[in-house]
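Visitor: this one's sequence-less:
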Ligand SMILES: C[C@](O)(CO)[C@H](O)COP(=O)(O)OP(=O)(O)OC[C@H]1O[C@@H](n2ccc(N)nc2=O)[C@H](O)[C@@H]1O
Ligand SMILES: Nc1ncnc2c1ncn2[C@@H]1O[C@H](COP(=O)(O)OP(=O)(O)OP(=O)(O)O)[C@@H](O)[C@H]1O
């Protein structure tokens, strides 16, 4: 039986602007998404029965049909029933390193890895854009996770345009283990608090403003200027999450006062907060300072870095 071990990286949002709400309940966005080295390891193995089996070492992650990786496998089975009959089902084992419900696309990157892994297991030869299209039916962040690197994302986050990748900008990530923020809640609250009719009326103006602001950070990315990138970090969802979660605001404020921090921002719908730094040494020093300031064991701290690629196959048998 064949098997693949796949490395599935997390993402951070360098830029997230909500342009308008949409009739389908989603929001029109202008984002810049960035893959980081922090990753889950996923093993996919063909099994003789036409079933999907899932194991995960993390207690907060479901191992039933509600797991996004399971949903990705079920989607492939529905799309390619002949391949399922020919090659059999799949056993998925997720070794979690990415904090769960953090705004780091943990579930989405697992789903993207399963789409890509089953494509390999069943020899389907799907293109990246076909995999992205399948991924979009599972969640807005999945197409980006298929693409990886540094990407401008528009629409509901599924229209992608890749930029030259940003390599080795160091990151410290902070997340309270027991704190989860629902993405649906964050967008819904934003819609309620920042009047959707106002957004609709000013849609054109707002879209133009977003284009101008995102253009500035894109320019900094193209110049690989980490100081300018850090100055232009932006996330509209902070406007609802920070007031509702004072612990997240505190992390944000604490990061901002640390020596060497170029910029700090919440990732996606949170509650993970990241800081950008020039070097690994500085990042390790900031991690220690944060630990000293907040000795609470519930706080998880990671040093990571930006990478120019997405999902990668580590080994196959
Ligand atoms: C916050 C981000 O992670 C930033 O990259 C994404 O925008 C969210 O991506 P995701 O978790 O894959 O989101 P989905 O699973 O597609 O949607 C979760 C919920 O978020 C809201 N949602 C999501 C994306 C979007 N453009 N507008 C929305 O309003 C919807 O209420 C949806 O029910
Ligand atoms: N493979 C998976 N990995 C992690 N969580 C999963 C997975 N499948 C389902 N979940 C559930 O989904 C919820 C969101 O977890 P996830 O880690 O994907 O959030 P996230 O990082 O905020 O995602 P995003 O940034 O795409 O909004 C969790 O409460 C978890 O129980």
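Guide: Happy to help now that I have it. Being a predicted model, the structure only gives us computed values, none of them experimental. Ligands and ions are numbered 1, 2, ... in the order given.
Visitor: contacting residues for the residue in the stretch 201-317 of the chain positioned nearest to ligand 2?
Guide: Nearest to ligand 2 in the stretch 201-317 of the chain, going by C-beta to the nearest ligand atom, is residue 268, at a distance of 4.2 Å. C-beta coordinates here come from the backbone N, C-alpha and C atoms, glycine included. Residues near residue 268 by C-beta atoms under 8 Å, 6 or more residues apart in numbering: 11, 12, 13, 16, 103, 104, 105, 141, 183, 235, 237.
Visitor: mind putting those residues into CSV with neighbour count, distance to ligand 1 and secondary structure?
Guide: CSV is the format used below for the contacts of residue 268 (neighbours: other C-beta atoms under 10 Å; distance: C-beta to the nearest ligand atom, whole Å; DSSP: H, G, I helix; E, B strand; the rest coil):
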residue, neighbour count, distance to ligand 1, secondary structure
11, 26, 7, strand
12, 27, 9, strand
13, 27, 5, strand
16, 25, 6, strand
103, 30, 6, coil
104, 28, 8, coil
105, 29, 6, coil
141, 29, 4, coil
183, 16, 4, helix
235, 23, 9, strand
237, 24, 6, coil
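Visitor: would you list these in JSON lines and tack on distance to residue 175?
Guide: Converted to JSON lines, the contacts of residue 268 look like this (distance: C-beta to C-beta, whole Å):
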{"residue": "11", "distance to residue 175": "14"}
{"residue": "12", "distance to residue 175": "12"}
{"residue": "13", "distance to residue 175": "14"}
{"residue": "16", "distance to residue 175": "17"}
{"residue": "103", "distance to residue 175": "8"}
{"residue": "104", "distance to residue 175": "8"}
{"residue": "105", "distance to residue 175": "13"}
{"residue": "141", "distance to residue 175": "17"}
{"residue": "183", "distance to residue 175": "15"}
{"residue": "235", "distance to residue 175": "15"}
{"residue": "237", "distance to residue 175": "15"}
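Visitor: one step back: what does the residue of the stretch 201-317 of the chain closest to ligand 2 show for phi and psi?
Guide: Main-chain torsions, residue 268, degrees, to the nearest 10: phi 50, psi -130.
Visitor: and the gap between it and residue 164?
Guide: Applying C-beta to C-beta, to the nearest Å, the value for residue 268 to residue 164 is 23 Å.
Visitor: next one: residue 34
Guide: 12 Å.
Visitor: what touches both of the two?
Guide: residue 150.
Visitor: those two: which is more packed in?
Guide: The neighbour comparison of residue 34 against residue 164 (other C-beta atoms under 10 Å) goes to residue 34, with 29 against 11.
Visitor: residues contacting the more buried one?
Guide: Residue 34 is in contact with 11, 12, 13, 14, 149, 150, 151, 166, 306, counting by C-beta under 8 Å, 6+ apart.
Visitor: tally of neighbours for the fifth one?
Guide: In terms of burial, residue 149 registers 21 neighbours under the definition other C-beta under 10 Å.
Visitor: need the nearest residue in space to it, chain neighbours excluded.
Guide: Leaving aside its sequence neighbours, residue 149 sits nearest to residue 165 (C-beta to C-beta, 6 or more residues apart in numbering; 4.4 Å).
Visitor: pretty sure that neighbour sits against residue 310.
Guide: No. Using C-beta atoms under 8 Å, residue 165 is not in contact with residue 310, being 9.9 Å away.
Visitor: neighbours around the closest residue to residue 316 other than its chain neighbours, how many?
Guide: Distances taken as C-beta to C-beta, 6+ apart place residue 4 nearest to residue 316, at 4.8 Å, with adjacent residues excluded. Neighbour count for residue 4, taken as other C-beta under 10 Å: 21.
Visitor: what about whichever helix or strand residue 4 is part of and ligand 2, touching?
Guide: Assigned by DSSP states H and E, residue 4 belongs to strand 3-21. No. Contact between strand 3-21 and ligand 2 is absent, the nearest approach being 7.1 Å (criterion: C-beta under 6 Å from any ligand atom).
Visitor: ok, then the element right after that strand?
Guide: Going down the chain from strand 3-21, the next helix or strand is strand 27-47, by DSSP H and E.
Visitor: quick one: is that next one near ligand 2?
Guide: No. On the criterion C-beta under 6 Å from any ligand atom, strand 27-47 is out of touch with ligand 2, staying 7.5 Å away.
Visitor: buried ones in that strand?
Guide: Neighbour-count burial for strand 27-47, with 16 or more other C-beta atoms under 10 Å as criterion, is recorded at 27-46.
Visitor: that strand near ligand 1 anywhere?
Guide: Yes. Counting by C-beta under 6 Å from any ligand atom, contacts between strand 27-47 and ligand 1 involve 27, 29, 31.
Visitor: would you agree the first one is in contact with residue 21?
Guide: Same thing as residue 27. Yes. Between residue 27 and residue 21 there is a contact under C-beta under 8 Å: 5.5 Å.
Visitor: shared neighbours of the two, which are they?
Guide: Joint contacts of residue 27 and residue 21 (C-beta under 8 Å, 6+ apart) are residue 191.
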